[in-house]
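K.L.:
With the sequence up front, the predicted model follows.
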Amino acid sequence: MSEKYLRFLEPQSGRIYYGLLDNDRVTPLQDPPWQSVKKENKTFNLNDVILKAPVEPGKIICIGLNYHAHVQASQSADKAPDYPLIFLKPPSSVIGPQENIVHPSQSERVDYEAELGVVIGRTAHKVTPADAESCIFGYTCVNDVTARDLQKKDGQWSRAKGFDTFCPVGPWIVTRLNYQDVLVEGILNGKVKQSGRTSLMIFDIPYLISYISAIMTLYPGDLISTGTPAGIAPMKPGDVIEVKVEGIGSLINRMI
């Protein structure tokens, strides 16, 4: 049975907890859930707490050009990559549900990228694809926000992908998901702009975990963002972007 884990601010105490969500009740946990599920002796109503990003990753590993349709629509690639194109976002880019994406003054074009995120649950070092699934704690929604003009200008992606607020994550982590075939959507101001199934990925999730873990050790709480379907486009201040993943829910943020 799938469970939902989140991080939340309890306004009265000002404390931030990890928590287990059951219907509309949240039970605080003493530790991150991939460490233990020791419960506090209290519960809160979901409507009375403020959701934060459900994970504080030590590192965020993202995959570029991982859907065939995105490759076909891309101006920067004429064929599917032969191996996963990985890049990193800094932990300082992470924000949670309903938090604002800030349009940086350095950029004239900032795009949304709706993605399925994978949260690592145990240390993974040079694991095989067959063993990779056992390293997964759960799944969440990610928006790989990108300053597209800076990405093209720089020739590498650190600045374009790394601004504060450029990695919305949430609303929670789901522990079980048919990750091989779920619908990922990007919805801008109520209109579906991206729609693609994970079955159309070029490199599947076990392969990605194996590939990445042969380069860098993955630790519990690390986050992998698995690539975006076709349909990326700019956002402007005032726009509301929703990343919706079948079986997880919706991550909603506004650009300011």
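P.N.:
Thanks, I have the structure now. Numbering: from 1, shown residues only.
K.L.:
hey, let's count contacts and neighbours off CA atoms from now on
P.N.:
Will do.
K.L.:
Which parts of the stretch 51-200 of the chain are helices?
P.N.:
68-73, 129-132, 148-154, 158-162 (DSSP state H, counting those that start in this stretch).
K.L.:
Please name whichever of those is nearest to Ile232.
P.N.:
Closest to Ile232 of these is helix 68-73 (CA to CA; 8.5 Å).
K.L.:
So for the closest one, mean pLDDT?
P.N.:
The average pLDDT for helix 68-73 rounds to 71.
K.L.:
And stretch 159-170, by the same measure?
P.N.:
pLDDT averaged over stretch 159-170 gives 98.
K.L.:
and the spatially closest residue to Leu177 that is not a sequence neighbour, what element?
P.N.:
Among residues not flanking Leu177 along the chain, Gly247 sits closest, at 6.6 Å (CA to CA, 6 or more residues apart in numbering). Assigned by DSSP states H and E, Gly247 belongs to no helix or strand.
K.L.:
my guess is Gly247 contacts Asp181, does it?
P.N.:
No. Applying CA atoms under 8 Å as the test, Gly247 and Asp181 come out as separate, 10.5 Å apart.
K.L.:
Look at these two and report which has more neighbours.
P.N.:
The neighbour comparison of Gly247 against Asp181 (other CA atoms under 10 Å) goes to Gly247, with 17 against 14.
K.L.:
Ramachandran coordinates for the more buried one?
P.N.:
phi 90, psi -10 (degrees, to the nearest 10).
K.L.:
Before we move on, what's the pLDDT of it?
P.N.:
You'll see Gly247 listed with a pLDDT of 98.
K.L.:
quick one on the thing from earlier: Pro28 is nearest to which of the helices of the stretch 51-200 of the chain?
P.N.:
Proximity to Pro28, assessed across these by CA to CA, is greatest for helix 129-132 (28.9 Å).
K.L.:
buried ones in the closest one?
P.N.:
Pro129, Ala132 (16 or more other CA atoms under 10 Å).
K.L.:
Stretch 165-175 too?
P.N.:
Thr165, Phe166, Cys167, Pro168, Val169, Gly170, Pro171, Trp172, Ile173, Val174, Thr175.
K.L.:
As CSV, the helices of the stretch 51-200 of the chain with distance to Lys38 would be great.
P.N.:
CSV is the format used below for the helices of the stretch 51-200 of the chain (distance: least, CA to CA, whole Å):
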stretch, distance to Lys38
helix 68-73, 42
helix 129-132, 26
helix 148-154, 43
helix 158-162, 34
